[in-house]
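Participant: when you get a sec, could you give me coordinates for this:
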Amino acid sequence: CRNATVFPLAELKDEVERELDHLCTLSFTQDELDYLSSLRFIKSDFVDFLTVFRFQRRFVEVSTDGDRLQIHARGPLVHVMGFEIYMLYIVNELYFRRLPSGPEILAEARRRLAAKVALLKDVTPELCADPEWSFTFSDFGLRRRYSGPWHDEVVRTFAREVPEFFRGTSNVHQARLFNLTPIGTMAHEYMQAYQAFGYRLRDFQKAALENWVQEYRGDLGVALTDVVGMDAFLRDFDLYFAKLFDGLRHDSGDPIAWG
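Facilitator: Residues are numbered from 1 along each chain as shown. I've put the predicted structure just below:
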């Protein structure tokens, strides 16, 4: 956790354990699998895999170190990589449930959301003036959300109020429920996995980029740039990849310097 907390996160250990136990009982419903099958870029063999997939509790361990909460997932990559998203938002929501949550909190949240929507509407003519430089955004807020219901409200509000700018959400569950576009990019751990897949270490990014293109065939064409630093990425991302991908993802740091 990069921020100071109001109370020691170690206090959440028992609650996190219970949520993990529940997570490991879940499996995909047929409606969810049918939805995934309807997405052009999801292959049928992956959907077949998800029909039998469940998180395995033995691969994740929760412990404390003084005031610190520690969560370790160890095991086969296919079983442990997916824990990250769930663990981040479980801890986040459990943390916020302990903080004040009266009507004034929700009122302030809605005030801020309305201000963002109003700002977008005020500058719509400017943002839409040049069709080649149009402004769009998507929701990637799952891992750090205040709560599930509030996340739903934010996404529904953007979709209703500023559909000309709002392109979708990385939360595939919300995309299915609210008839939005599921949208995202490759994850850091996707690239990192290729460091252990038998390629020469100096070639791992090129192998990951090449296999991504072979899997998605022109869909999901945004490459992640900062896994081992921008200089190393640019050495690998040559004209060949520049013509295969639609764009690049700036993850952190100064966007002007990155650009």
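
Participant: around Ala223, how many other residues sit close by?
Facilitator: Taking other Cβ atoms under 10 Å as the criterion, the count of residues near Ala223 is 24. Every residue, glycine included, has its C-beta placed from N, CA and C.

Participant: ok so it is a strand residue?
Facilitator: Yes: applying DSSP: H, G, I helix; E, B strand; the rest coil, one finds Ala223 inside a strand.

Participant: state the pLDDT value of the nearest residue to Phe41 once chain neighbours are set aside.
Facilitator: Using Cβ to Cβ, 6 or more residues apart in numbering and skipping the chain neighbours, the partner closest in space to Phe41 is Asp219 (3.9 Å). On the pLDDT scale, Asp219 is placed at 89.

Participant: thought Asp219 was touching Thr181?
Facilitator: No: judged on Cβ atoms under 8 Å, Asp219 makes no contact with Thr181 at a distance of 11.5 Å.

Participant: hang on, the earlier thing: neighbours of the residue nearest to Phe41, just the number please.
Facilitator: Residues near Asp219, counting by other Cβ under 10 Å: 12.

Participant: against which helices or strands is the lengthiest helix in the chain packed?
Facilitator: If you go by DSSP state H, the chain has its longest helix at helix 103-122. With contacts defined as 3 or more Cβ pairs under 8 Å, 6 or more residues apart in numbering; DSSP states H and E, helix 103-122 has these neighbours: helix 148-161.

Participant: let me see the mean pLDDT of the helix or strand harbouring His22.
Facilitator: Using DSSP states H and E, His22 sits in helix 13-23. Averaged across helix 13-23, the pLDDT comes to 98.

Participant: now that helix, how far from the centre of its chain.
Facilitator: 21 Å (Cα atoms, centre = their mean, to the nearest Å).

Participant: the nearest residue in space to Thr5 that is not next to it in sequence: neighbouring residues, count only.
Facilitator: Of all residues not flanking Thr5 in the chain, Tyr95 sits nearest, at 7.1 Å (Cβ to Cβ, 6+ apart). The tally of other residues near Tyr95 (other Cβ under 10 Å) stands at 19.

Participant: please look at Tyr95 and Leu12 and confirm they touch.
Facilitator: Yes: counting by Cβ under 8 Å, Tyr95 does reach Leu12; the two are 6.7 Å apart.

Participant: need the overlap of contacts for those two.
Facilitator: Both Tyr95 and Leu12 lack any common contact, where contact means Cβ atoms under 8 Å, 6 or more residues apart in numbering.

Participant: quick one: the helices in the stretch 51-200 of the chain?
Facilitator: Under the criterion DSSP state H, counting those that start in this stretch, the stretch 51-200 of the chain contains helices at 77-80, 83-97, 103-122, 124-128, 148-161, 172-178, 188-193.

Participant: so can I have JSON lines of those showing distance to Phe135?
Facilitator: Formatted as JSON lines, the helices of the stretch 51-200 of the chain follow (distance: least, Cβ to Cβ, whole Å):
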{"stretch": "helix 77-80", "distance to Phe135": "37"}
{"stretch": "helix 83-97", "distance to Phe135": "27"}
{"stretch": "helix 103-122", "distance to Phe135": "8"}
{"stretch": "helix 124-128", "distance to Phe135": "4"}
{"stretch": "helix 148-161", "distance to Phe135": "13"}
{"stretch": "helix 172-178", "distance to Phe135": "21"}
{"stretch": "helix 188-193", "distance to Phe135": "26"}
